[in-house]
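*Asks:* sequence and computational prediction follow.
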Amino acid sequence: MTEVTLTVNGKKYTQNVFDHVLLSDFIREKLKLTGTHIGCDTSQCGACVIHLDGKSIKSCTMLAVQADGCDVLTIEGLADGDVLHPMQRAFHENHGLQCGFCTPGMIMSAIELIKGKPDITEQEIRQGLEGNLCRCTGYQNIVKSIQEAAKNENNLTNR
Amino acid sequence: MKASAFSYHKPISLEDALSLLESEEEVKILAGGQSLMPMLNMRFVQPEAVIDVNEIEELATISFNDNVEIGALTRQKTLGTHSIIKQHLPIMQEALKWVGHFQTQSRGTIGGSLCHLDPASELPMIALLYDAELEVASKSATRIIPMKEWALAYMMPSIAPEELLTKILIKPWGMPYGYGFQEFARRHGDFAIAAVGCLLKLQDGVISEIAISIGGVEDVPRRFIECEDVLRGSKYDIEEVKKQIIGPLDQINYIDDSLVTGSYRQKLLKGLLVRSIEQAASRANSL
């Protein structure tokens, strides 16, 4: 067991973990933040995408011990109380989900995808979602949601 | 399934890492982890110890001094945007577009790609094109391995268990030259079924220098010397090229696997090869 200290959604945690425990499992089972989903454990499906020090990564391809000292953001850390994050709101308003399993990963990926790219095209969004699988194949509305969030961010920046 | 238990070490200096490599048995080195972690999760590998090199900052640098010197721990995302790579090795940035997804590029490293040595991986193909030199260190010595001697067999680089890849040295070609990179995978970001990289110099319409590397078609990525020898010194005419490459294409030991047959790979490689040569020639002509 190794002691790790990391910040998750602004809150500092110190825990003992086995060296071989994945960051995704640590987040779900130790921290009880079950919004981060696990689909494949092999870096393909994208359900476990979180932000580590500001970059989106697949948390099934990192050990919890590797995140010692890092700043982690999960889907639970996006909303400010009852006020949804703009990306969450866009998914909500455009029905960007069906069963919802892929949604946390989609949203976490989409936030990095549109960052600094206010004029992102539909094609770029579709290509950017390569690392996130939706088994319901509900991509149409997911793409629409991300387009709207990008547009809103653009308006905010221009204001 | 999840990874089996192992002891975890996180050295913060190269010296500490090399000492650990000397003292530990059945070690796996963890860099970006984008291949190793899935392999651990599927228990394809069950090491006694994992040495995590991610904190060794001296391994994550890019500099230019005749050679482009890339620290083994440099992330794929960094390579994809770095100005030195953009200026001196634009083909690497083109190839990186085929490597995984942006989330995996946040973690994946050049050294990890070279040491994992998947037959279908793009970065070894780029290193091959430029005859890169790989610097490996152990506690007792540092040595240089030429890229053409790097791959011993399927996913087996010529590095000893106590050695660590530290640096990749790439000497860019003198301008002007063109480059082309073509790949086919079932889904973008998936393993290449076939991929070709090409560097080419034209002098008065004649191919004066050419380098071609192929991936995904044999057990290891390699230089396609047979094809280079046929094309070097001949007048560039794409219809002629299509005939010239037939002989060399017949000499490859194509992989026959659950995805596609060897003969399909041969047809695919032919098309990609023609396109990459055309792409390189058109870039060479536009300079």
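*Replies:* Here it is on my side, so go on.
*Asks:* contacting residues for the closest residue to residue A:66 other than its chain neighbours?
*Replies:* In space, residue A:66 comes closest to residue B:52 once its chain neighbours are excluded; the distance is 6.1 Å by Cβ to Cβ, 6 or more residues apart in numbering or on different chains. C-betas here are computed from N, CA, C, even on glycine. For residue B:52, the contacting residues are A:63, A:65-66, B:8-11, B:30, by Cβ atoms under 8 Å, 6 or more residues apart in numbering or on different chains.
*Asks:* quick one: name the residues of chain A near chain B.
*Replies:* Taking Cβ under 8 Å from any Cβ of the partner chain as the contact definition, chain A meets chain B at A:2, A:18-20, A:22, A:25, A:41-43, A:46, A:49, A:52, A:55-58, A:60-63, A:65-66, A:68, A:109, A:112-113, A:127-128, A:130-131.
*Asks:* among the contacts of residue B:52, which pair sits farthest apart?
*Replies:* The most widely separated members of the contacts of residue B:52, counting by Cβ to Cβ, are A:63 and B:11 (15.0 Å).
*Asks:* how many other residues sit next to the closest residue to chain A within the stretch 51-200 of chain B?
*Replies:* Distance from chain A to each residue of the stretch 51-200 of chain B (Cβ to the nearest Cβ) is smallest for residue B:101, at 2.8 Å. By the criterion of other Cβ atoms under 10 Å in any protein chain shown, residue B:101 has 24 neighbours.
*Asks:* and the stretch 51-200 of chain B, which residues reach chain A?
*Replies:* B:52, B:54, B:77, B:100-104, B:106-107, B:187-189.
*Asks:* just the ones of those residues in strands?
*Replies:* Of these, the ones assigned to strands by DSSP state E are residue B:52.
*Asks:* make a ChimeraX selection of the buried ones in the residues of the stretch 51-200 of chain B next to chain A.
*Replies:* The ChimeraX command for the buried members of these (criterion: 16 or more other Cβ atoms under 10 Å in any protein chain shown) is given here:
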select /B:52,54,77,100,101,102,103,104,106,107,189
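*Asks:* rebuild the residues of the stretch 51-200 of chain B next to chain A as CSV, extending it with pLDDT.
*Replies:* Output for these, formatted as CSV (pLDDT from 0 to 100):
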residue, pLDDT
B:52, 98
B:54, 97
B:77, 95
B:100, 92
B:101, 90
B:102, 88
B:103, 89
B:104, 93
B:106, 92
B:107, 94
B:187, 82
B:188, 80
B:189, 80
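*Asks:* can you put the residues of the stretch 51-200 of chain B next to chain A in JSON lines and add distance to residue B:247?
*Replies:* Converted to JSON lines, those look like this (distance: Cβ to Cβ, whole Å):
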{"residue": "B:52", "distance to residue B:247": "48"}
{"residue": "B:54", "distance to residue B:247": "46"}
{"residue": "B:77", "distance to residue B:247": "40"}
{"residue": "B:100", "distance to residue B:247": "35"}
{"residue": "B:101", "distance to residue B:247": "38"}
{"residue": "B:102", "distance to residue B:247": "40"}
{"residue": "B:103", "distance to residue B:247": "43"}
{"residue": "B:104", "distance to residue B:247": "38"}
{"residue": "B:106", "distance to residue B:247": "43"}
{"residue": "B:107", "distance to residue B:247": "42"}
{"residue": "B:187", "distance to residue B:247": "33"}
{"residue": "B:188", "distance to residue B:247": "32"}
{"residue": "B:189", "distance to residue B:247": "33"}
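*Asks:* domain ranges for the chain?
*Replies:* Defaulting to chain A. Following automatic domain parsing, one gets these domains for chain A: A:2-76, A:86-155.
*Asks:* the chain in question should be chain B.
*Replies:* Taken from automatic domain parsing, chain B resolves into B:7-52, B:57-170, B:178-285.
*Asks:* quick one: closest of these to residue A:14.
*Replies:* domain B:7-52 (16.9 Å).
*Asks:* so residue B:36 touches residue B:42, yeah?
*Replies:* No: counting by Cβ atoms under 8 Å, residue B:36 does not reach residue B:42; the two are 10.9 Å apart.
*Asks:* looking at the two, which is more packed in?
*Replies:* residue B:36 (22 against 13).
*Asks:* what is the neighbour count of the residue lying closest to that one once chain neighbours are set aside?
*Replies:* Nearest residue to residue B:36, sequence neighbours excluded (Cβ to Cβ, 6+ apart): residue B:30, at 5.8 Å. Residue B:30 has 23 neighbours, counted by other Cβ under 10 Å.
*Asks:* ok, residue B:30 - contacts?
*Replies:* Per Cβ under 8 Å, 6+ apart, neighbours of residue B:30: A:63, A:66, B:36-37, B:50-54.
*Asks:* give me the spatial nearest neighbour of the spatially most central residue of chain B, chain neighbours excluded.
*Replies:* In chain B, the centroid-proximal residue (Cα atoms, centre = their mean) is residue B:124; its distance is 1.3 Å. Nearest residue to residue B:124, sequence neighbours excluded (Cβ to Cβ, 6+ apart): residue B:221, at 4.7 Å.
*Asks:* got a list of what the one you found touches?
*Replies:* Applying Cβ under 8 Å, 6+ apart, the residues contacting residue B:221 are B:117, B:119-121, B:124-125, B:128, B:151, B:213-215.
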